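>>> Got a sequence here, can you model it:
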Amino acid sequence: MSGRIPQDGSRSKLLTILSFLLLTSLAFFLVPSRTSTSLWPKDSAPLVVRDIPVAGCLNDEIELDYPREKGCILILGRNEDEDELKSSLLSFESMFNARYKYPYCLLSDTPFKASFLASLRTVLHEGAVIHTGLVTHEQGWGMPDWMDKEEARRKMKAMGKSGVQYGEKESYHNMCRFYTGPFANHPLLAGFDWYWRLEPSVKFFCKLTYDPFRFLAQNNKLYGFNIAVIENINTIPTLFPTISEYRNDLIKKGEIQPTDFWKMFEADGWGNHGWGEPAGKDGKPGYNTCHFWTNFEIGNLNFLRGKQYQDLFEHLDRKKGFYHERWGDAPIRSLALALFSNFTQTHFFEDIAYVHDTWMHCPLRDGIGCECECKDKGPAIGEDAWYSCLARWKEINALHV
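Model prediction:
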């Protein structure tokens, strides 16, 4: 290359090019970024599930400027739940949705009264969108047509006498079955990709200054939880063997590959991680009964609508365990995630403080969550509590760090 100084014409062109490059560089540094790097701290790795989305509080004016995901707040309730639902909504609005304004989807097996909906609106943000719908037999509510209903009711009555929690309540069995499979295909949810399940009589104790839907979507995740506990084994005596057999068949066919996510739910001794259920007939570990508690869950509807998940639901439905036992949506959802997704696609929302009945989650580490007010609200589930599965979660998570 020649070392001569360029002539005037060439020099002018060179100066123009250099000026353009300088202005471009300045714009890069001065214009606010529209990517998640402007939201997540530098020491936070969004793809590592043990990390929270943000530390402390954000100025969520930046986050509020982004478009919303196709998400809804899903509520299954009845007119008689009015006071309990208003309490939940008042807390949820103040901590999150008064600012993010996601629509509400209300489902019930009986029509909502106009007075009920008007009452709910008194605690919602102005202009709140409420979609309502019925859950009918055709949409998966109640026993399937092929089931012997009298036999099922005899089984439920026997469960009630033997002390199985909610064993005799047919409506509870209906709810568990509906939330396991059919709900994702309800027409009211057809236009949504995400749902956040909200129950009556819950409270939130940390302000949310980011969008959990957006966080999950941007980080290729399918599901979020904040409580992981054990199940009553008398409600699901044959569930784990049934799903394990199904899993083994899928592996033999080459339709899925074994992952370490499954280890989250394998028993490895009494008191270590959930119940120490004995090994199965195949000699493989039994079920520790750990599951993600679905009273709080944020999930991807397209995953639940997918063929793999719906085929599993149909298989389990035919085994009659939703009524002959009291199979719940929480253990099934958890095991299905372990079958059909990667561990890193499920997220622990440590920074969302939440209570329902006597189950309470409060951030375990100092500095986690925004303006949290839960430490004096009651005993939270400790990581080392005998009924908690967070230790197991973190043990598996350590394999991915």
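>>> Is residue 355 located within a helix, as I assumed?
No. Counting by DSSP: H, G, I helix; E, B strand; the rest coil, residue 355 falls outside a helix, being strand.
>>> ok, and the closest non-adjacent residue to it?
residue 203 (5.2 Å; CB to CB, 6 or more residues apart in numbering). C-beta coordinates here come from the backbone N, C-alpha and C atoms, glycine included.
>>> Specify the local secondary structure of the one you found.
From three-state DSSP, the assignment for residue 203 is strand.
>>> how many neighbours does it have?
18 (other CB atoms under 10 Å).
>>> Distance check, it against residue 81.
15 Å (CB to CB, to the nearest Å).
>>> roughly how far apart are residue 220 and residue 341?
Counting by CB to CB, the gap from residue 220 to residue 341 is 10 Å.
>>> ok, the residue nearest to residue 355 touching residue 93?
No. Using CB atoms under 8 Å, residue 203 makes no contact with residue 93, being 11.9 Å away.
>>> quick one: the helices in the chain?
Ranges of helices within the chain are 8-30, 61-64, 82-92, 98-100, 114-121, 149-161, 170-180, 212-218, 239-252, 301-305, 307-318, 321-324, 329-340, 390-397, based on DSSP state H.
>>> Would you tell me which of those gets closest to residue 361?
Nearest to residue 361, of all the helices of the chain, is helix 390-397, at 9.3 Å by CB to CB.
>>> Export that closest one to PDB, keeping only CA atoms.
Output in PDB follows, covering the C-alpha atoms of helix 390-397 (Å, rounded to 0.1, in the frame of the first residue of the first chain):
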ATOM      1  CA  LEU A 390     -35.900 -26.100  46.400                       C
ATOM      2  CA  ALA A 391     -32.700 -27.900  47.500                       C
ATOM      3  CA  ARG A 392     -33.300 -30.500  44.900                       C
ATOM      4  CA  TRP A 393     -34.000 -27.800  42.300                       C
ATOM      5  CA  LYS A 394     -30.700 -26.000  43.100                       C
ATOM      6  CA  GLU A 395     -28.800 -29.300  43.000                       C
ATOM      7  CA  ILE A 396     -29.900 -30.000  39.500                       C
ATOM      8  CA  ASN A 397     -29.400 -26.400  38.600                       C
END
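>>> what's the angle from that helix to helix 329-340?
10 degrees (axes from the mean of the first three to the mean of the last three CA atoms, to 10 degrees).
>>> Buried ones in helix 390-397, by neighbour count?
Residues of helix 390-397 classed as buried: 390-393, 396-397 (neighbour count, 16 or more other CB atoms under 10 Å).
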